[in-house]
Structures are given as C-alpha cells and as structure tokens.
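> Task: produce atomic coordinates for the following.
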Amino acid sequence: MGEIADIDAGTWMTYAELAASRGIDKQSAARLTFRRRWRRQKDNHGTVRVLVPREWHELSRYTDRDASRDGSGDESRDASRDMSRIIKPLEDAIELLREQLEQVNRQVQVADAARDRFDQALTAERARADELRSRLDDFGGQLIAAQEKARDVVDGLEAQLAVAREQAQAAQDAAEELRRAEAAREGKGRWARLKAAWRRE
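I've put the predicted structure just below:
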C-alpha cells in the first residue's frame, strides 16, 4: 500500500517509508514518531502508519528530488544522516526539557494542593481562635458582673456591720448607764442605812 495523501494534516507513511524519506533506520523513525507524538494507526493488514506533518514530508521530497537531479543521492543521504545526528541530540534535549517541565508542573500541583490544605487548616484555626476569643469575652463580662454583685453584697454587709456596731455600742452605753445608776442606788442605800443606824445609837 503506497502513501495516502492528507493535504490538511500531512501524509500517512509506514516506519520504513519514513525512515527512507529521512535517511534513517526504522528504529530512529519510530523514536522520531514517539518524540513528535505523531498520530499512528494500523491499516487492514496490521501495518502501522504514521501521520507525518506536511512540512516534514515536503522536506523529504525536496531532498530526494534534488538528489535525483544532480545524481548525488548518496551524498544527500549522508547529509541527511549528518543532519539527523545533529537534530537528534536537540530533539532529545527538547524531550528531556519537556519531561522536566512536566515534572515541575506536577510538583507545582502538589505544592498548590498542600497550600490549599494549609489555607483550609489556617482558616479553621482562625475560626476556632475567634470562637475562643468570643467565649473569653463573654466570660470576662460575666466575671465583671459577678465582681460588681459581690461588691454590692460586701457593701451591704459592711453597712449592716456598721449598724450592728452602733447598736452594740448603744447597748454597751445603756448597760454602763444602768450599772452606774445601780451603783448610785446601792450607794444611797448604804448611806441611808448608816444614817439610820447612827440615829438609833
């Protein structure tokens, strides 16, 4: 089965046809296909065909036409091989850079996921801290109210104590007055008795 032209996308070619057009072996053609991620499919006979971009196929045809025109086919193939040896390290380097970029992108995704988890945990901790701060404020208000109530109770007790002290002092003064009155009465009684006794004598 020969080449099947696809004007928009490129040309379907077997690995052998691609290798021949590029002046490389079939394994290099396969590696080139995988590196370039060209579309592949099998035909009815199980032969793998690759959709080679138009610019690559036109470059190959241009090289073949010039080689057949001036009879330098071998030289053109040697030049193609030299070009392949030059391009391959570049392609390998590009592929390596692409893999490194993909690895960096994966690491960035992991870092972003970790940052999202950290942000969620930080938000939760801030909410918990706000709740504790609110509870502390409520407790502080309750404590102030309790202190004011206790101060009122103490003031009331101090007032009652002052009244009790005044009453106790008044009672003590009254008792002292009664003692003096009793002592005076007893003194008068003894004096009266002495006078009476003296008169009888």
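
> Strands of this structure, start to end?
For the chain, the strands defined by DSSP state E cover 4-6, 10-14, 40-42, 48-53.

> residues near Gln120, how many?
By the criterion of other C-beta atoms under 10 Å, Gln120 has 10 neighbours. In short, each C-beta sits where N, CA and C put it, glycine included.

> Give the other helices and strands that the top helix by length along the chain contacts.
With residue count as the measure and DSSP state H as the assignment, the chain has helix 73-200 as its longest helix. Applying 3 or more C-beta pairs under 8 Å, 6 or more residues apart in numbering; DSSP states H and E, one finds that helix 73-200 contacts helix 26-36, helix 54-70.

> tilt between it and helix 26-36?
40 degrees (axes from the mean of the first three to the mean of the last three C-alpha atoms, to 10 degrees).

> By mean pLDDT, point me to the weakest helix or strand of this structure.
strand 4-6 (a mean of 47; mean pLDDT, DSSP states H and E).

> pLDDT below threshold where in this protein?
Where the chain drops to pLDDT under 70, the residues are 1-9, 57-85, 192-193, 196, 199-201.

> most centrally placed residue in it?
Nearest to the mean C-alpha position of the chain, by C-alpha atoms, centre = their mean, lies Phe118 at 1.8 Å.

> ok, now how distant is it from Pro89?
Here Phe118 is placed at a distance of 42 Å from Pro89 (C-beta to C-beta, to the nearest Å).

> same thing with Asp155?
Counting by C-beta to C-beta - Asp155 and Pro89 are separated by 96 Å.

> what about Glu91, how many neighbours?
Look at Glu91: counted by other C-beta under 10 Å, it has 15 neighbours.

> same check, this time on Ser21
Residues contacting Ser21 under the criterion other C-beta under 10 Å number 21.

> That one contacts Met13, doesn't it?
Yes - taking contacts as C-beta atoms under 8 Å, Ser21 lies within contact range of Met13: 7.0 Å.

> Distance-wise, check Gly156 relative to Ala162.
For Gly156, the distance to Ala162 (C-beta to C-beta) stands at 11 Å.

> Repeat that for Asp130.
Taken as C-beta to C-beta, the span from Asp130 to Ala162 is 48 Å.

> Also Gly189?
40 Å.

> and if you look at Gln120?
According to C-beta to C-beta, Gln120 stands 63 Å off from Ala162.

> coming back round to it: out of the strands of the chain, indicate the one that is most buried.
Mean neighbours per residue, mean count of other C-beta atoms under 10 Å, is largest over the strands of the chain for strand 10-14, with a mean of 21.
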